[in-house]
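>>> dropping a prediction and its sequence here:
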Amino acid sequence: MDAELKIQLHSFEEIEVGHAASIEVHLSKAAVFQFADLTGDHNPLHVDEDYARSTQFEKNICHGMLVSSYVSTLVGMILPGKRCLVLSSSFDYLLPVFHSDIVVVAGLVKEKTPSQHSLGIDVKIFREIDTVIDGYVRVKVLDEH
């Protein structure tokens, strides 16, 4: 991911249905091990190369929750950015993501609910042309203070 990612400051009024944004993320082996340490999920499918070779994947896969966690970066930094509060999210994990893969996390505003200052954002995470995660996140855009 771009280390120089700057937080955006979009107001609720500025964002319309159809607004889109994306980020590119490199899922390094180090990130996988940091995530395992942070969460306590040291499942050998993620961290043990010998074990992973014996599985249908033949190599280590990233934690699905690690990959989908970059949706938080997308909404918290860009769409809508600084004033974002995640209300709910759901994800379907379609394909494995491997150590060192580069993915694109993309969001598209599908719903805007003025009475709640909330947005419904379709999320897709791609590796090259393959969708690896399909999801939806509902966020609230907080008032400026």
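Ah, there it is.
>>> CA only for contacts and neighbour counts going forward, please
OK.
>>> so what secondary structure elements neighbour the top helix by length along the chain?
Longest helix of the chain, by residue count under DSSP state H: helix 64-77. For helix 64-77, the elements it packs on are strand 20-26, strand 84-93, strand 102-113, judged by 3 or more C-alpha pairs under 8 Å, 6 or more residues apart in numbering; DSSP states H and E.
>>> please work out the average pLDDT along it.
Mean pLDDT, computed over helix 64-77, is 96.
>>> just to revisit the earlier point, deepest in the core, which of the helices and strands packed on helix 64-77 is it.
strand 102-113 (a mean of 20; mean count of other C-alpha atoms under 10 Å).
>>> what strands line up against it, and which way round?
When sheet partners are counted by DSSP bridges, strand 102-113 sits next to strand 20-26 (antiparallel), strand 118-127 (antiparallel).
>>> with mean pLDDT and distance to Arg53 added, can I get those in JSON lines?
Below are the strands paired with strand 102-113 laid out as JSON lines (pLDDT from 0 to 100; distance: least, C-alpha to C-alpha, whole Å):
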{"stretch": "strand 20-26", "mean pLDDT": "96", "distance to Arg53": "22"}
{"stretch": "strand 118-127", "mean pLDDT": "97", "distance to Arg53": "21"}
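>>> low-confidence ranges in this structure?
Per-residue confidence for the chain (pLDDT under 70) gives these ranges: 1-3, 145.
>>> let's have the strands paired with strand 102-113 in TSV, adding distance to Val104.
As requested, the strands paired with strand 102-113 are arranged in TSV below (distance: least, C-alpha to C-alpha, whole Å):
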stretch	distance to Val104
strand 20-26	4
strand 118-127	5
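>>> for those strands, which one sits closest to Gln34?
Smallest distance to Gln34 across the strands paired with strand 102-113 (C-alpha to C-alpha): 14.0 Å, for strand 20-26.
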